[in-house]
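Student: Show me the folded form of this:
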Amino acid sequence: MNAPAMLVRGWEVVIGLETHAQLSTASKIFSGASTRFGAAPNTQACAVDLALPGTLPVANRGAVERAIRFGLAVGAKVAPLSIFARKNYFYPDLPKAYQISQYEIPVVQGGTVEFALGGRRKTVHLTRAHLEEDAGKSLHEDYHGMSGIDLNRAGTPLLEIVTEPDLRAAAEAVEYAKTLHALVVWLGICDGNMQEGSFRCDANVSVRRPGAALGTRREIKNLNSFRFLQQAIEFEVEWQIERLEDGLAIEQATVLFDPDSGATRAMRSKEDAHDYRYFPDPDLPPLVIAPEWVERVRAAMPELPGAMAARFERDDGLPAYDAAMMTQSLAFARCYEAVRDGCAAPDVGRGGRGATPWPKLAANWLMGEVSKRLNAEGIAIERMPVDSAQLAALIRRVADGTLSHSGARQVFDALWAGASDVDGVIDARGLKQMNDAGALEAIVDAVIAANARSVEEFRAGKDKAFNALVGQVMKASKGQANPAQASELLRRKLGA
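Tutor: Residues are numbered from 1 along each chain as shown. Reported below is the predicted structural model:
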């Protein structure tokens, strides 16, 4: 159920997002030119991209298939027939003076995206998702008194995903954008690289008194980070409220966000659809998508994150939070499954000593030490230097009592640094836990005898004294005692 709208100083915030996802095709949407990022300026713009006389566009089948995949994932209607249109406007980096897009009949119609925020579920309704080509790029920084034009991006395939004005706070907009980002990457239709412009958002923001008609919106263009998205919306909301409370009007406009100042500034008055003089592109026939094509795409779809998380809860017994974390990306989910299966190979279903199930142990390590290290080094799980077999072997050594948790972290560090064999690291560093009950009992007896004051304090009710005794046992055993066994034995001998 969607939460009631939060108010800002008595005003309701209304937000709709338009997201441009660059499709992961090797070539452009209407030409065979490469979409590779980072090439020298104007080396990946062919005659079609430059709109030279006599050239004709040809639609990229792979781009269409990616649009179909997205439509199926969000439960939308995939139009059996859609139309490419010309969106007419002049800008230096648009060599044709029009952009090929879709207007009246888009390829994807409707659909929903769900996310959780603050313990509540939120459903965002999509208006449409349509195919279009990107424009080039204007370069201002490297020139004095002039601008350069790089047309490498001209013709790059985009899927523009448009929401209804369902969002009511900057935090909701960010969570929706993160969920959408994760989905398009999961589906393999976009690499999601925001620094390279593969995923960027335009935010339409307005405010109104509760129950009133929608206010005048301003569109914040080209937000390429979640942090900037939140900051831009929050500034824009405050700016609009202050202006309205001062008795001034909001004028429809396109604005830019300046990350250095944290402010938005007007770029131009906002155009309406009729300003672009849309009309069907005469060089492109209608896009016909047969039902058989849709079904082939459906059959090749990966399991979606929500369905996979539900399976992890149902079949693996994971809590809902753990299941959501394991499905934060398809690569993360695949790693979890590989580690889980590697742990459980000899005795399926349970962890060491019949205690914690293997799925939960695998999830704990991935949410704990693995995520901590990935975040610290700023890398994705695909680049993790510890493979799933090594991680599974390490978890098994903790579960069977060979390693303490402290020792396991040392082994994990060694694996991350390039070691290959878990048991080899344990032997080389002397990390194997003491499992000899007689030897451990002798150490405990010696510690009790040597620490009479701590024993008295513990018996007087001071829990810290007991921890000190456990520490002495660990020190005497050179860290090889099993802390749980040591604690149990100490309590028994001290009559606790």
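Student: Sketch out the helices for the stretch 201-350 of the chain, chain order is fine.
Tutor: Ranges of helices within the stretch 201-350 of the chain are 226-245, 291-299, 305-316, 320-326, 330-344, based on DSSP state H, counting those that start in this stretch.
Student: Please identify the most buried of those helices.
Tutor: The highest mean neighbour count among the helices of the stretch 201-350 of the chain, using mean count of other C-beta atoms under 10 Å, belongs to helix 330-344: a mean of 21. All C-beta atoms are positioned from the backbone trio N, CA, C, and that covers glycine.
Student: who's in contact with residue 131?
Tutor: With contact set as C-beta atoms under 8 Å, 6 or more residues apart in numbering, residue 131 has these partners: 29, 63-64, 67, 84, 101-102, 106-107, 157-159, 287.
Student: Most neighbours among the residues you listed, please name it.
Tutor: With neighbours taken as other C-beta atoms under 10 Å, the top of these is residue 67, carrying 30 neighbours.
Student: per-residue confidence at that one?
Tutor: In this model, residue 67 is scored at 98, pLDDT.
Student: That one and residue 294, how far apart?
Tutor: According to C-beta to C-beta, to the nearest Å, residue 67 and residue 294 sit 11 Å apart.
Student: And residue 369, how far from residue 394?
Tutor: To residue 394, residue 369 is 9 Å away according to C-beta to C-beta.
Student: Specify the beta-bridge partners of the nearest residue to residue 165 once chain neighbours are set aside.
Tutor: Nearest non-adjacent residue to residue 165, counting by C-beta to C-beta, 6 or more residues apart in numbering: residue 16, 4.1 Å away. Residues in a beta bridge with residue 16, per DSSP bridges, are residue 204.
Student: Pull the contacting residues for the residue lying closest to residue 10 once chain neighbours are set aside.
Tutor: Computed as C-beta to C-beta, 6+ apart, the closest residue to residue 10 that is not its neighbour in sequence is residue 209, at 7.2 Å. By C-beta under 8 Å, 6+ apart, the residues touching residue 209 are 10-12.
Student: now those as JSON lines including distance to residue 132 and secondary structure?
Tutor: As requested, those are exported to JSON lines (distance: C-beta to C-beta, whole Å; DSSP: H, G, I helix; E, B strand; the rest coil):
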{"residue": "10", "distance to residue 132": "39", "secondary structure": "coil"}
{"residue": "11", "distance to residue 132": "34", "secondary structure": "strand"}
{"residue": "12", "distance to residue 132": "32", "secondary structure": "strand"}
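Student: Okay, now the unreliable bits of the stretch 201-350 of the chain?
Tutor: By pLDDT under 70, the weakly predicted segments of the stretch 201-350 of the chain are 270-273, 345-350.
Student: Give me the pLDDT for residue 486.
Tutor: pLDDT, residue 486: 77.
Student: Need the outlier residue of this structure, farthest from its centre.
Tutor: Farthest-out residue of the chain from its mean C-alpha position, per C-alpha atoms, centre = their mean: residue 449, at 55.6 Å.
Student: Point to the residue nearest the middle of the protein.
Tutor: For the chain, by C-alpha atoms, centre = their mean, the most central residue is residue 182; offset 4.2 Å.
Student: Checking residue 474 next. Helix, strand or coil?
Tutor: The three-state label given to residue 474 by DSSP: H, G, I helix; E, B strand; the rest coil is helix.
Student: Please name the bridge partners of the residue lying closest to it once chain neighbours are set aside.
Tutor: Once flanking residues are discounted, residue 474 sits nearest to residue 481: 5.7 Å by C-beta to C-beta, 6+ apart. Applying DSSP bridges to residue 481 gives these bridge partners: residue 434.
Student: Could you shift the numbering so residue one becomes 45, and keep it that way?
Tutor: Happy to do that; since the first residue is 45 now, the last one works out to residue 525.
Student: Which neighbours do residue 111 and residue 338 have in common?
Tutor: Counting by C-beta under 8 Å, 6+ apart, the shared contacts of residue 111 and residue 338 are residue 122.
Student: May I have the residues that are in contact with residue 299?
Tutor: Each residue near residue 299 by C-beta under 8 Å, 6+ apart is listed here: 262-265, 280, 308-311.
Student: Distance of it relative to residue 320?
Tutor: 19 Å.
Student: do residue 188 as well
Tutor: Distance, residue 188 to residue 320, using C-beta to C-beta: 33 Å.
Student: So if I had to pick from the two, which one is more boxed in?
Tutor: Comparing residue 188 with residue 320 by other C-beta under 10 Å, the one with more neighbours is residue 320, at 17 against 4.
Student: In space, what's closest to that one - neighbours in sequence excluded?
Tutor: residue 131 is the one closest to residue 320 (C-beta to C-beta, 6+ apart), at 4.6 Å.
Student: So residue 262 sits against residue 249, correct?
Tutor: Yes: at 5.9 Å, residue 262 counts as touching residue 249 under the criterion of C-beta atoms under 8 Å.
Student: Overlap of the contact sets of the two?
Tutor: With C-beta under 8 Å, 6+ apart as the test, residue 262 and residue 249 both reach 280, 284.
Student: between those two, who's got more neighbours?
Tutor: Using other C-beta under 10 Å as the criterion, residue 262 and residue 249 rank with residue 249 on top: 29 against 21.
Student: That one against residue 261, yeah?
Tutor: Yes: counting by C-beta under 8 Å, residue 261 is a contact partner of residue 249 at 6.2 Å.
Student: Which residues are in contact with each of the two?
Tutor: residue 58.
Student: Which is the succeeding secondary structure element to the lengthiest strand in the chain?
Tutor: The single longest strand within the chain, with elements called by DSSP state E, is strand 164-177. Where DSSP states H and E defines the elements, the next helix or strand beyond strand 164-177 is strand 181-183.
Student: Outside of that following strand itself, which residues are in contact with it?
Tutor: 85, 136-137, 191-197.
Student: Out of the residues you listed, who's the most crowded?
Tutor: Counting by other C-beta under 10 Å, top hit in these: residue 196 with 24 neighbours.
Student: tell me the pLDDT at it?
Tutor: What the model reports as pLDDT for residue 196 is 95.
Student: Who are the contact partners of it?
Tutor: Each residue near residue 196 by C-beta under 8 Å, 6+ apart is listed here: 83, 85-89, 180-181.
Student: Quick check: closest non-adjacent residue to it.
Tutor: residue 88 (4.4 Å).
Student: Surely residue 298 and residue 263 touch.
Tutor: Yes: the pair residue 298 / residue 263 is scored as a contact, 5.1 Å apart, by C-beta under 8 Å.
Student: So between these two, which is more surrounded?
Tutor: Neighbour totals were compared for residue 298 and residue 263, and residue 263 leads with 18 against 15 (other C-beta under 10 Å).
Student: And that one, how far from residue 419?
Tutor: Residue 263 is 33 Å from residue 419, by C-beta to C-beta.
Student: cool, and residue 406?
Tutor: 19 Å.
Student: okay, these two: which has more neighbours?
Tutor: residue 406 (30 against 9).
Student: Please, which helix or strand holds the more buried one?
Tutor: helix 402-409.
Student: Residues contacting the helix or strand just after that helix, please?
Tutor: Next along the chain after helix 402-409, taking DSSP H and E as the criterion, comes helix 415-421. Residues outside helix 415-421 that contact it (C-beta under 8 Å, 6+ apart) are 424-425, 428, 456, 460.
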